[in-house]
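Enquirer: requesting a structural model of the entry that follows:
(one chain, ligands or ions: 1)
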Amino acid sequence: MDDFQLNISSAPLPKPPKKKVFVPREDPSAAAQAPQKHASRSARREQGNANGDRPTQYVPQAKAAAGAAAGAAPAPRKRDPTKGFVSSLFSGAGHEQVSVGLPVEDSLSSLTPAPAPAAADLASRPAGAFQDLGIMAPLAAQLERMKMLQPTGIQRTAIPAMLDQAKAAGDYVIKAQTGSGKTLAFLLPIIERLIRWERRQPADAKIDRTLGTMAVIVVPTRELALQIHKVLETLLRYTSASNKDSSREASETPLRHWMVPCCLIGGEKKKAEKARIRKGATFVVSTPGRLVDHLKTTEAFQLRNLSYFVMDEADRLQDMGFEKVVEEIHQLLHSRQTEERQAIAEKTGSAFKPMISNRIKKVLCSATMSPAAQALARMTLKNPDWIVPDGQDASADAESVSDTPTLLRQYVTFVPTKQRFVALVSLLYGLAVQAYNKSRMGAIGDHSALRSIKVIIFVATCDAVDFYHQVLSEAVERFRPQVAGPDGLLSADASEIELVRPTVYKLHGSMAQPDRHAQLNAFSAGAVNRPQVLLATDIVGRGIDIPNMTHIIQFDPPNEVGDYVHRIGRTARQNREGEAWLFLSPHEHEYVNVLTNRGLRLVEKKATAVLNHFCMTPKQARVAGYRPPSRVVEAVMNKLQFDFENGLSPAQMITTLAEKAFASHLRAYASHRPSERGIFNLKKLHMGHLAKTFGLQTAPTHIAQKQVQAATRSAAAVAAEEKKRKPDPNDPNEIKKRMYLMAKKIEMA
Ligand SMILES: Nc1ncnc2c1ncn2[C@@H]1O[C@H](COP(=O)(O)OP(=O)(O)OP(=O)(O)O)[C@@H](O)[C@H]1O
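Expert: Sure thing, here's the model as predicted:
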């Protein structure tokens, strides 16, 4: 691959010593390679058949020309005979134009003006407004330190509602768009009620860890548990008597309490967690599996005073995998609390008096409520109070997902399957250049003042995360964005390219917990003046709050519209701007209807707009309306794909990774919801083209055939099973039946 690396130098760009262009198969210089011809042809045919395209051989023009001039075949390059060809990314099947009726833009930059910030979500109240909602001075002072001066829309409704003594017996459903501050919306009133209880007690009574756990918060991922735990730690730091600084606010209302948060998550040492529980934890934040484990095995868990059970990302918790676990948690919390209270009553001879509430109040919280989660809310919550942001209608369609952040722009681009990789690299480069050009104005010479992009790329499987992490990490080091110069292809200005080169991180559920933690922290803290890219599965799709997120790229579409909404909600949080890009292959275009039918508003970006950007220097990209010639774009993209297929990593290692990623991609593709399998149809997926997405020159047929057969078999088996047992899993009557049974069990517990 280094043969084809171009020199990089600062402007003015020198004439390249060798021009490199793609020479098609018919080129006389290629035809002159008589001794190689037959072997090459058969290799080419093999690839051509597998990929369904006419292959193109990449030959440096200088060598070809020299060979032709000498009247002899150019000296053959030493290489693996199965490599060295790249079928053109711009010919063959898979390029059908689709029209989906969305507004279309042919430029990377947004053509529509930025929408105005949502007035409803920006509180117009002055600082101190948290106190107006009933939050006491020490807590409000801490919020001020955390730079939270005004409550958000959902906080303005949730805090008074949850503090309202008249409604204190009921449960709550909190539904508000992503990034709107739901975490504090349920944490603040819980902390406030505990502080208020303490105020009503004689001077020697206080809340501390010996009173046991007051609130349990269960969330679907470890990362989210750690995040909420951190918010709690910060909130409680200055509002606990243990902190000397709290005496500042203590003159009027001396603080006595000492509340302790504790995080219980899979992947951590259970023994250490048991020790923490034994010491006592006022708040427990946990993932479902680990919580059940401790509820069953940790005797020291004290739940007699438990007053709140919060299910954050409630609809995800009702998903297949968690539904039963959450049900079990409900039962265990109730049974353990009852046992503990009875034991105390027997010991003391009088009924146990709980601190805040006799029953455990449940709080369901999410930006989306699937039908199953709604049914659960209706059946299991007592008099649930549906809390939505100030100014919104609580009786509106609970399943609606159209309430996405106001400053979020949603784009979809239809990229032929075989161009997916080059389009991804081009988009990353284009977005980074765009950000660099935007922030460079007024910041020339001061690179610390530049603002770059922070992107999450969602892919379907852990194997794909590993593969693209490896590939993109190398790509940014080794692929030089190339542009049209007067004499062919040139590399872009090195000093500028350095500034748009991203650091790549990865996160998926099969990584060891310390690595997960380290990667997420590094990505969150990554310098804002350099592009930061995180490759991830849906593990960071929900709840995760990363500062300065600018873009979400869904390289693989999600399994559910709910997941789409949560993924895009990682950006444009708290009234900041953000962009979400969705990649679809042309044959998947009907997925757009699935999204728009649920009220989501998208704009189509032409795939050419994405590819063009890789062929422009930052300087060229600053010229309004500049477009590189299409033949240059094609040559550059074919070269990029050629390098991708031939030049990365020790060949064996990357091939193994690629084949694994290819196989698991097929499995994931086959597991789309039954209602969407007509759109994400394995039979319509071109295996050869998909192979190119993973840098494979041909589809590993043994894998492809096996996967397609298995997927078809399992799809048929699932369909037969569903027909036999459940007429339709989304049938409201079926959901009701399931939820009724679950509610009965919980009630009995
Ligand atoms: N009143 C406030 N003022 C300023 N910033 C706030 C306020 N409340 C919350 N935030 C910040 O807003 C961001 C989003 O909050 P949070 O994570 O609670 O959103 P969310 O609604 O739970 O989002 P998601 O649905 O994605 O989980 C966080 O960085 C949080 O610190």
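Enquirer: contacts only, for the closest residue to the ligand within the stretch 251-400 of the chain.
Expert: Using Cβ to the nearest ligand atom, residue 367 is the residue of the stretch 251-400 of the chain that sits closest to the ligand, at 4.2 Å. Where C-beta positions appear, they are placed from N, C-alpha and C, glycine not excepted. Listed by Cβ atoms under 8 Å, 6 or more residues apart in numbering, the contact set of residue 367 reads 175, 176, 177, 178, 180, 182, 403, 565, 566, 569.
Enquirer: roughly how far apart are residue 516 and residue 201?
Expert: With the distance defined as Cβ to Cβ, to the nearest Å, residue 516 ends up 42 Å from residue 201.
Enquirer: more neighbours: those two, which one.
Expert: Using other Cβ atoms under 10 Å, the more surrounded residue of residue 516 and residue 201 is residue 516, with 22 against 12.
Enquirer: show me what from the protein comes close to the ligand.
Expert: Contact residues, the chain versus the ligand (Cβ under 6 Å from any ligand atom): 148, 150-152, 155, 176, 178-184, 367, 543, 545, 569, 573-574.
Enquirer: quick one: end-to-end distance for stretch 563-579.
Expert: Between the opening and closing residues of stretch 563-579 lies a distance of 16 Å (Cα to Cα, to the nearest Å).
Enquirer: what mean pLDDT does it get?
Expert: Across stretch 563-579, the average pLDDT comes to 92.
Enquirer: what do you get for stretch 347-360?
Expert: Mean pLDDT, taken over the full extent of stretch 347-360, equals 89.
Enquirer: just the CA trace of that stretch, in CSV.
Expert: Only the C-alpha atoms of stretch 347-360 are listed here, as CSV (Å, rounded to 0.1, in the frame of the first residue of the first chain):
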residue,chain,number,x,y,z
LYS,A,347,-38.1,-7.6,68.2
THR,A,348,-39.5,-4.3,69.4
GLY,A,349,-43.0,-5.4,70.0
SER,A,350,-44.5,-2.5,68.0
ALA,A,351,-45.3,-2.0,64.3
PHE,A,352,-42.3,-0.6,62.3
LYS,A,353,-42.8,3.1,61.4
PRO,A,354,-41.2,3.9,58.0
MET,A,355,-39.5,7.2,57.4
ILE,A,356,-40.9,8.5,54.2
SER,A,357,-43.5,6.1,52.9
ASN,A,358,-45.2,2.9,53.9
ARG,A,359,-45.1,1.6,50.4
ILE,A,360,-42.4,1.6,47.8
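Enquirer: what residues of it count as buried?
Expert: Residues of stretch 347-360 classed as buried under the neighbour-count rule (16 or more other Cβ atoms under 10 Å) are 352, 355, 356, 360.
Enquirer: list the contacts of residue 296.
Expert: Contact analysis of residue 296 by Cβ under 8 Å, 6+ apart lists residue 332.
Enquirer: cool, and residue 336?
Expert: With contacts defined as Cβ under 8 Å, 6+ apart, the neighbours of residue 336 are 295, 301, 303.
Enquirer: quick check: closest non-adjacent residue to the first one.
Expert: Residue nearest to residue 295 in three dimensions, not counting chain neighbours: residue 332, with 4.0 Å by Cβ to Cβ, 6 or more residues apart in numbering.
Enquirer: residue 432 - how many residues pack around it?
Expert: Counted by other Cβ under 10 Å, the residues lying close to residue 432 total 26.
Enquirer: residues contacting it?
Expert: Contact partners of residue 432, counting by Cβ under 8 Å, 6+ apart, are 452, 453, 500, 501, 502, 531.
Enquirer: again, only this time at 10 Å
Expert: The neighbours of residue 432, taking Cβ atoms under 10 Å, 6 or more residues apart in numbering as the test, are 452-453, 455, 476, 481, 497, 499-502, 530-531, 533, 551, 613, 618.
Enquirer: ok, it to the ligand distance?
Expert: Distance check for residue 432 against the ligand: by Cβ to the nearest ligand atom, to the nearest Å, it reads 24 Å.
Enquirer: and the pLDDT for that residue?
Expert: The model's pLDDT for residue 432 equals 91.
Enquirer: just the element for it, please.
Expert: When secondary structure is defined using DSSP states H and E, the element that contains residue 432 is helix 420-440.
Enquirer: ok, now residue 262?
Expert: strand 261-264.
Enquirer: circling back to that earlier point, show me the residues of the chain next to the ligand that map onto helices.
Expert: 155, 182, 183, 184 (DSSP state H).
Enquirer: export the residues you listed to JSON lines and tack on neighbour count and pLDDT?
Expert: Formatted as JSON lines, the entries for these read as follows, by neighbours: other Cβ atoms under 10 Å; pLDDT from 0 to 100:
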{"residue": "155", "neighbour count": "31", "pLDDT": "95"}
{"residue": "182", "neighbour count": "25", "pLDDT": "96"}
{"residue": "183", "neighbour count": "22", "pLDDT": "97"}
{"residue": "184", "neighbour count": "21", "pLDDT": "97"}
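Enquirer: now, the most widely separated pair of those residues?
Expert: Greatest spacing in those, by Cβ to Cβ: 155 and 183 (9.8 Å).
Enquirer: let's verify residue 377: helix, strand, or coil?
Expert: Here residue 377 is helix, with the state taken from DSSP: H, G, I helix; E, B strand; the rest coil.
Enquirer: count the residues that sit near it.
Expert: Per other Cβ under 10 Å, the neighbour tally for residue 377 reads 24.
Enquirer: circling back to that earlier point, max pairwise distance over the contacts of residue 432: which two?
Expert: Among these, the pair separated by the greatest distance (Cβ to Cβ) is 497 and 551, at 19.3 Å.
Enquirer: the two - which one has more neighbours?
Expert: The neighbour count for residue 497 versus residue 551, taken as other Cβ under 10 Å, is higher for residue 551 (25 against 20).
Enquirer: and the more buried one, what does it touch?
Expert: By Cβ under 10 Å, 6+ apart, residue 551 lies in contact with 409, 411, 427-428, 431-432, 435, 453-457, 531, 533, 570-572, 578-581.
Enquirer: tell me the bridge partners for it.
Expert: Residues in a beta bridge with residue 551, per DSSP bridges, are residue 455, residue 579.
Enquirer: tell me the pLDDT of it.
Expert: The score at residue 551 is 97. That number is its pLDDT.
Enquirer: and it, how far from the ligand?
Expert: As judged by Cβ to the nearest ligand atom, residue 551 and the ligand stand 16 Å apart.
Enquirer: got the domain boundaries for this protein?
Expert: With automatic domain parsing as the criterion, the domains of the chain are listed as 133-196+208-246+253-389, 407-651, 705-748.
Enquirer: rank those by pLDDT, which is bottom?
Expert: When mean pLDDT is averaged over each of the domains of the chain, domain 705-748 scores lowest at a mean of 56.
Enquirer: on that earlier part again, redo the contacts of residue 367 as TSV? Include distance to residue 135.
Expert: As requested, the contacts of residue 367 are exported to TSV (distance: Cβ to Cβ, whole Å):
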residue	distance to residue 135
175	22
176	18
177	23
178	24
180	18
182	16
403	26
565	30
566	28
569	26
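Enquirer: now, those residues that are in strands?
Expert: The members of the contacts of residue 367 that map onto strands under DSSP state E are residue 175.
Enquirer: by neighbours, which of the contacts of residue 336 wins?
Expert: For these, the largest neighbour count, defined by other Cβ under 10 Å, is 25 neighbours, found at residue 301.
Enquirer: so which strand or helix has the residue lying closest to it once chain neighbours are set aside?
Expert: With Cβ to Cβ, 6+ apart as the measure, residue 277 is the residue that lies nearest to residue 301, at 5.4 Å, once sequence neighbours are left out. Taking DSSP H and E as the criterion, residue 277 maps to helix 270-279.
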